[in-house]
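Peer 1: Got a predicted structure here, sequence first:
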Amino acid sequence: MSNVLSWNCRGLGSIPAVNALRRVVINEKPQLVFLQETKLHSYEMERVKKRLNFRGMFVVDCVGDGRRRKGGVCLLWREDWDITILSFSTNHIDSIVNAEGGMTWRFTGIYGFPETENKAKTGALLKTLHNRESMPWLCGGDFNLMLWSVEKQGGGDFRFEEAELFREACDHCELYDLNYVGHPFTWTNNQGGDHNLQERLDRFLANSQWQTKFGHSYVTHLEKRRSDHLPILLSIRTKLPQSGKKRNKRLFRFEEMWTREEECGEVIAANWRKGGDAAVNVGRIASDLREWSMAKFGDFAKEMRMLKEQMGK
């Protein structure tokens, strides 16, 4: 399994900010990282790259100096991945990924235009980047746009015209939202009470070719760090080919203790939102619940057997 991390880090000019990013990288072990709003120049990002122990990097410098700095995007990758940059701007990095195992696909990191008057430019950028080639295509980042009204909580009225621009661009590019596990919003204004505003601005999108190739992948909204944006992590999984040797099928058992964890419901909901045949959904849910349980609790069945053996001695 490989991981892709996207995070609007809101500046990496301080040691605590870099340490926060480093903790995420150590915990999640991503092979590819797309950062937005680094507020750094390339020579400054070089120090961050060394601190994070990445081999490859491509940087689009921030604009301005001192406290007036804004923007800046960066793509980082591990030694077992080869990245070819196709195009870039202050709002995107487009690339071809050659991952281990001979997997080749396209990744486009997006930093959406934050200004209200420029929101339409994000949709126009996506349309410009779209082509009719059948290559698997993944997009990720802070789009600064939402698709649906449920992706906003608090604040003023939902801007349906902006959402329609985003949906129209996604339809044109044949990109589909990859649903997630975790907190439903990725950005907050950090205010309390009635003044609190939360929105889902960060996401991964993929075309049908990418989803067919990596159909068991899933997105996790990670816990909040220093930024007002959550880091989001895409775990890329392919269905492994079955060997010629016949193996006994493992019977799936739903564990009662899972119901005490909120994440259990999120795993089920994220899979069900993908749509499709009910039997396929149930099979996918069972597979993902097994993996989530192993990560959350470890192999408790094995531990129980070991304890019983010890008690029998």
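Peer 2: Structure received. No experiment lies behind these values; they were computed from the predicted model shown.
Peer 1: CA atoms for contacts and neighbours, from now on please.
Peer 2: Noted.
Peer 1: contacts for stretch 191-205?
Peer 2: 138-146, 151-155, 175-178, 184-190, 219, 232, 234 (C-alpha atoms under 8 Å, 6 or more residues apart in numbering).
Peer 1: Helices of this protein, start to end?
Peer 2: For the chain, the helices defined by DSSP state H cover 15-28, 42-52, 119-129, 160-173, 208-213, 262-272, 278-297, 300-312.
Peer 1: ranking the ones you listed by mean pLDDT, which is last?
Peer 2: Of all the helices of the chain, the minimum mean pLDDT falls on helix 300-312 (a mean of 66).
Peer 1: quick one: pLDDT of the closest residue in space to residue 154 that isn't next to it in sequence?
Peer 2: On the basis of C-alpha to C-alpha, 6 or more residues apart in numbering, the spatially nearest residue to residue 154 that is not a chain neighbour turns out to be residue 197, at 4.6 Å. Note on residue 197: pLDDT of 94.
Peer 1: and residue 197, how many residues sit next to it?
Peer 2: Look at residue 197: counted by other C-alpha atoms under 10 Å, it has 18 neighbours.
Peer 1: Distance of it relative to residue 112?
Peer 2: As judged by C-alpha to C-alpha, to the nearest Å, residue 197 and residue 112 stand 19 Å apart.
Peer 1: cool, residue 161 as well?
Peer 2: Applying C-alpha to C-alpha, the value for residue 161 to residue 112 is 16 Å.
Peer 1: who has more neighbours, those two?
Peer 2: More crowded of residue 161 and residue 112, by other C-alpha under 10 Å: residue 112, with 25 against 10.
Peer 1: ok, residue 294 - how many residues close by?
Peer 2: For residue 294, the neighbour count with other C-alpha under 10 Å is 12.
Peer 1: what do you get for residue 21?
Peer 2: 21.
Peer 1: residues contacting the nearest residue to it once chain neighbours are set aside?
Peer 2: Once flanking residues are discounted, residue 21 sits nearest to residue 9: 7.8 Å by C-alpha to C-alpha, 6+ apart. Residue 9 sits next to 17, 21, 35, 36, 37, 38, 226, 227, 229, 231 when contact means C-alpha under 8 Å, 6+ apart.
Peer 1: Run through the residues that contact residue 148.
Peer 2: So residue 148 contacts residue 163 (C-alpha under 8 Å, 6+ apart).
Peer 1: Could you check how far residue 176 is from residue 203?
Peer 2: From residue 176 across to residue 203, the span is 10 Å (C-alpha to C-alpha).
Peer 1: Actually, residue 237.
Peer 2: 18 Å.
Peer 1: Looking at those two, which is more packed in?
Peer 2: residue 203 (28 against 15).
Peer 1: Distance of the more buried one relative to residue 233?
Peer 2: Per C-alpha to C-alpha, residue 203 is found 9 Å from residue 233.
Peer 1: Ok, residue 133 next?
Peer 2: On the measure of C-alpha to C-alpha, residue 133 and residue 233 end up 26 Å apart.
Peer 1: Give me the more crowded residue out of those two.
Peer 2: Per other C-alpha under 10 Å, whichever of residue 133 and residue 233 has more neighbours is residue 233, with 25 against 7.
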